[in-house]
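S.K.: no FASTA, just this:
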């Protein structure tokens with residue numbers, strides 16, 4: 001009797017689950033969700049190419065230095081780079097003296113050796129880039145109640161990461177009249193900024209790169225247009241997210257060649273060993 005009741009209970013829940021699934025699918029198929037401003041006006045990242053793209057891509061160190069310059073002069077006021085140490089900048093072609101000078105230009109948390117109290121001190125090559133705010137409360141107070149994200153892994157954390165960063169930096173614009181006409185209640189709130197490449201179209205970050213020449217490049221570099229600066233800082237963030245990118249590609253190429261050689265060798269051995277055998 002107990003077994004029959006168990007079977008009936010299980011059958012009941014199976015039928016109920018199937019009914020719920022079927023009803024949900026029918027509702028989804030016959031009554032599509034109402035269109036939203038985010039769905040209608042959100043844009044996918046722009047097409048953009050970087051020197052590190054592809055199986056044989058390599059970092060353009062001059063571009064990475066330009067990208068770091070933009071981070072230092074523009075982005076570091078709000079965004080941290082907590083997974084990168086100053087000494088890592090040597091990979092971009094900076095000398096030991098330049099790395100020390102860059103590190104000393106930042107104030108990092110420290111401790112007074114005489115009193116034991118917390119203080120700040122000039123950075124050293126072994127230090128990591130410091131956070132621009134003491135805590136999230138201070139960050140929210142300075143950024144319209146939003147906490148600026150750490151940029152170390154940004155190009156890995158977002159879909160189409162490098163293209164997303166480039167598109168976001170170049171995508172700030174006035175809210176389209178067509179959007180307001182179709183969705184009157186979707187006007188960008190006060191203190192936010194319209195950007196069609198951001199998921200909900202409005203973000204607290206003001207346009208960081210606003211004019212050509214905002215960051216002055218040294219001789220031998222391209223003109224610092226907003227488009228060029230956006231590409232440069234996106235390239236720099238590719239490096240911060242995966243500084244071993246070139247080594248990984250080199251290792252992958254070596255492994256691929258070895259596997260091809262081993263495959264050919266294995267096939268030749270097979271033909272030699274089994275040449276006179278019937279199978």
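M.R.: On my side now, so go ahead. Remember, predicted model here, so these are calculated numbers, not experimental data.
S.K.: List of residues touching stretch 48-58?
M.R.: Contacts with stretch 48-58, where a contact means C-beta atoms under 8 Å, 6 or more residues apart in numbering, come from 59-60, 63, 162-163, 166-167, 231, 234-235, 238-239, 245-246, 249, 252-253. Yep, even glycine has a C-beta here, placed from its N, CA and C like the rest.
S.K.: how about a cut-off of 7 Å?
M.R.: With C-beta atoms under 7 Å, 6 or more residues apart in numbering as the test, stretch 48-58 has contacts from 59, 60, 63, 162, 163, 166, 231, 235, 238, 245, 246, 249.
S.K.: That stretch: which residues count as buried?
M.R.: If you call a residue buried by 16 or more other C-beta atoms under 10 Å, then stretch 48-58 has these buried ones: 48, 50, 52.
S.K.: Same question for stretch 36-44.
M.R.: Quick answer for stretch 36-44 (16+ other C-beta under 10 Å): 37, 41.
S.K.: Give the rounded mean pLDDT of it.
M.R.: In this model, stretch 36-44 has an average pLDDT of 90.
S.K.: quick one: contacts of it?
M.R.: Contact partners of stretch 36-44, identified using C-beta under 7 Å, 6+ apart, comprise 176, 179, 183, 186, 196, 197, 199, 200, 201.
S.K.: what does stretch 151-163 give?
M.R.: 45-46, 48, 50, 75, 79, 81-84, 164-165, 234, 237-238, 240-241.
S.K.: Also stretch 169-187?
M.R.: Applying C-beta under 7 Å, 6+ apart, the external contacts of stretch 169-187 come out as 37, 41, 188, 193-197, 207-209, 226-227, 230.
S.K.: In terms of model confidence, name the weakest of those.
M.R.: At the low end of pLDDT for the contacts of stretch 169-187 is residue 37, which has 84.
S.K.: Now the phi/psi pair for that residue, please.
M.R.: phi -60, psi -40 (degrees, to the nearest 10).
S.K.: Can I take it that residue 10 is in a helix?
M.R.: Yes - using DSSP: H, G, I helix; E, B strand; the rest coil, the assignment for residue 10 is a helix.
S.K.: tell me the pLDDT at it?
M.R.: pLDDT, residue 10: 75.
S.K.: Quick check: the farthest pair among the contacts of stretch 169-187?
M.R.: Farthest apart among the contacts of stretch 169-187 by C-beta to C-beta are 37 and 227. That separation is 26.6 Å.
S.K.: and the contacts of stretch 169-187, which are buried?
M.R.: For the contacts of stretch 169-187, buried by 16+ other C-beta under 10 Å: 37, 41, 188, 193, 194, 195, 196, 197, 208, 209, 226, 230.
S.K.: if we can go back for a sec, could I get the contacts of stretch 169-187 as a markdown table with distance to residue 92?
M.R.: Compiled in a markdown table, the contacts of stretch 169-187 are given as follows (distance: C-beta to C-beta, whole Å):
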| residue | distance to residue 92 |
| --- | --- |
| 37 | 41 |
| 41 | 38 |
| 188 | 37 |
| 193 | 31 |
| 194 | 34 |
| 195 | 29 |
| 196 | 32 |
| 197 | 27 |
| 207 | 26 |
| 208 | 21 |
| 209 | 20 |
| 226 | 22 |
| 227 | 22 |
| 230 | 19 |
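S.K.: Show me which of those residues is closest to residue 261.
M.R.: Set against residue 261, the nearest of the contacts of stretch 169-187 by C-beta to C-beta is residue 230 (42.9 Å).
S.K.: Tell me how far the closest one lies from residue 152.
M.R.: With distances taken as C-beta to C-beta, to the nearest Å, residue 230 is found 18 Å from residue 152.
S.K.: Could I get the full set of helices for the stretch 51-200 of the chain?
M.R.: If DSSP state H, counting those that start in this stretch is used as the criterion, the helices of the stretch 51-200 of the chain fall at 61-73, 96-104, 136-142, 154-157, 161-170, 177-182.
S.K.: element containing residue 243, please.
M.R.: In the assignment (DSSP states H and E), residue 243 maps to no helix and no strand.
S.K.: Pass me the low-pLDDT residue ranges in the protein, would you?
M.R.: Scanning the chain for pLDDT under 70 picks out 1-2, 9, 24-33, 275-279.
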